[in-house]
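Asker: Sequence and computational prediction follow.
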Amino acid sequence: MPSPATANRRADRAALALSMLCAIGCTPEPSASTESPPPSVAAPAPAAPPLPIADAPPIDGVARTAPDAIDDGLHVVLLGTGTPVPSPRRSGPALAVIAAGRPYLVDFGPGVVRRAVEAQERGVVALDPTRLDFALATHLHSDHTAGLSDLLLTPAVVGRGRPLRLRGPTGLVAMADHIVAAYRTDLAVRRGERSEAQMAGYRVEARDIEAGLVHADGPLRIRAFDVPHGSFDAAFGYRFDDGRRRIVVSGDTGPSDAVVEACDGCDVLVHEVYCKAGFDRGGADFRKYHGSFHTSAPQLAALAVRARPKLLVLSHLLLFGCSERQLLDEVVAGYRGRVALGRDLDVF
């Protein structure tokens, strides 16, 4: 049996580990007591499990688009609104812009294919996994790219008939090449079981890009623009424009005039954000890092005043111990436009 001093040291280490994890976005649970309640105190009833996030009432009052109401215009489906901190309610960063019934992914964090299938089952027919054949990376942080092997292989297994086209900053081609090399045994077996035509969906056509027009398809134009993301040499936001609607995705970024210029009255601006109150509780190194890589809620409010989106959607929610309500309140304190706190599977 450990001595009291040893037990105290273990408890201190556990508390330190939890505080380090919560510094990047979790909300710590109250510590559990090892003592039983007095006999006269009834134990609380177990809490009901939370609703799936897309089924819970939104806290922002903004109406979402019904998945089966997507028309041939431009829409955005949030597939992952989380961060590097793993959460069953928020998958890794990813979204799909649906244009004329075709999906264009932006980022591919953990869970991207399964979230796409979940959206398909809810009525977003464009997100059938066999149709996931075009994806853009904003930057190469792991939380935005860890789902790439899944995106490359899983849709092909279930019948994708076209190569996966990837576009993103320098380094994406090398990342894709290394994933293909890592799965060479899997691919060799599949190649022996399939015709060349059936293997088309296993191929990847990756291209490192620079800011500017990166894709055109009918009336749709997709443009990349540079954003500041700490020490990254290249990080992009993306603007989708079909002549009727305009959707802008910030990617991970500090406050940027490029986002303001790309939006300029856009229909939807999807922007990352962190809670300032939680940020202020961090240490000097923590604040230096996140202050150069990300955008605080008050900074985003000031940016939105200038960008004038018809709808501002908060994503990549860095809570730093705050509640979602507190984060939302920090934004709306400085911005009077429509603001939606994004949830996985939301459609706008």
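Answerer: Done, it's in.
Asker: Every contact and neighbour count from this point should use C-alpha atoms.
Answerer: Will do.
Asker: Extract the C-alpha set from stretch 209-227 and format it as PDB.
Answerer: Extracted C-alpha coordinates of stretch 209-227, given in PDB (Å, rounded to 0.1, in the frame of the first residue of the first chain):
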ATOM      1  CA  ILE A 209      -0.800  25.200 -54.500                       C
ATOM      2  CA  GLU A 210      -0.200  28.900 -53.900                       C
ATOM      3  CA  ALA A 211      -2.800  31.600 -53.200                       C
ATOM      4  CA  GLY A 212      -5.100  32.400 -56.100                       C
ATOM      5  CA  LEU A 213      -7.700  30.500 -58.200                       C
ATOM      6  CA  VAL A 214      -7.200  26.800 -57.400                       C
ATOM      7  CA  HIS A 215     -10.300  25.200 -59.000                       C
ATOM      8  CA  ALA A 216     -13.100  26.100 -61.500                       C
ATOM      9  CA  ASP A 217     -16.100  23.900 -62.200                       C
ATOM     10  CA  GLY A 218     -18.900  25.400 -64.200                       C
ATOM     11  CA  PRO A 219     -19.900  28.700 -62.400                       C
ATOM     12  CA  LEU A 220     -18.000  27.700 -59.200                       C
ATOM     13  CA  ARG A 221     -14.700  29.300 -58.500                       C
ATOM     14  CA  ILE A 222     -12.500  28.300 -55.500                       C
ATOM     15  CA  ARG A 223      -9.800  30.700 -54.500                       C
ATOM     16  CA  ALA A 224      -7.100  30.300 -51.800                       C
ATOM     17  CA  PHE A 225      -5.800  33.200 -49.800                       C
ATOM     18  CA  ASP A 226      -2.900  33.400 -47.400                       C
ATOM     19  CA  VAL A 227      -3.600  33.600 -43.700                       C
END
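Asker: Just the buried residues of it, please?
Answerer: Buried residues in stretch 209-227, counting neighbours by 16 or more other Cα atoms under 10 Å, are found at 209, 210, 211, 214, 220, 221, 222, 223, 224, 225, 226, 227.
Asker: Quick one: residues in contact with that stretch.
Answerer: Contacting residues not belonging to stretch 209-227 are listed as 99, 167-170, 234-243, 250-254, 256, 258-259, 262 [Cα atoms under 8 Å, 6 or more residues apart in numbering].
Asker: from the residues you listed, which ones fall inside strands?
Answerer: When DSSP state E is applied, those are split such that 99, 167, 168, 236, 237, 238, 239, 240, 241 fall in strands.
Asker: Tell me where the model's unsure across the protein.
Answerer: 1-53 (pLDDT under 70).
Asker: would you turn the ones in strands among the contacts of stretch 209-227 into a markdown table with neighbour count and distance to residue 303?
Answerer: What follows is the ones in strands among the contacts of stretch 209-227, written out as a markdown table (neighbours: other Cα atoms under 10 Å; distance: Cα to Cα, whole Å):
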| residue | neighbour count | distance to residue 303 |
| --- | --- | --- |
| 99 | 23 | 27 |
| 167 | 22 | 27 |
| 168 | 26 | 25 |
| 236 | 28 | 17 |
| 237 | 27 | 15 |
| 238 | 27 | 17 |
| 239 | 22 | 16 |
| 240 | 27 | 19 |
| 241 | 20 | 21 |
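Asker: For residue 307, state which of these is nearest.
Answerer: residue 239 (13.1 Å; Cα to Cα).
Asker: And the helices in the stretch 101-250 of the chain?
Answerer: Read by DSSP state H, counting those that start in this stretch, the stretch 101-250 of the chain holds these helices, from start to end of the chain: 112-121, 142-145, 148-157, 172-182, 184-193.
Asker: and those as CSV, adding mean neighbour count and distance to residue 322?
Answerer: Shown next, in CSV, are the helices of the stretch 101-250 of the chain (neighbours: other Cα atoms under 10 Å; distance: least, Cα to Cα, whole Å):
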stretch, mean neighbour count, distance to residue 322
helix 112-121, 21, 25
helix 142-145, 22, 21
helix 148-157, 21, 30
helix 172-182, 16, 34
helix 184-193, 12, 43
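Asker: So which of the ones you listed is nearest residue 78?
Answerer: Put simply, out of the helices of the stretch 101-250 of the chain the one that sits nearest residue 78 is helix 112-121, at 9.0 Å, with distance taken as Cα to Cα.
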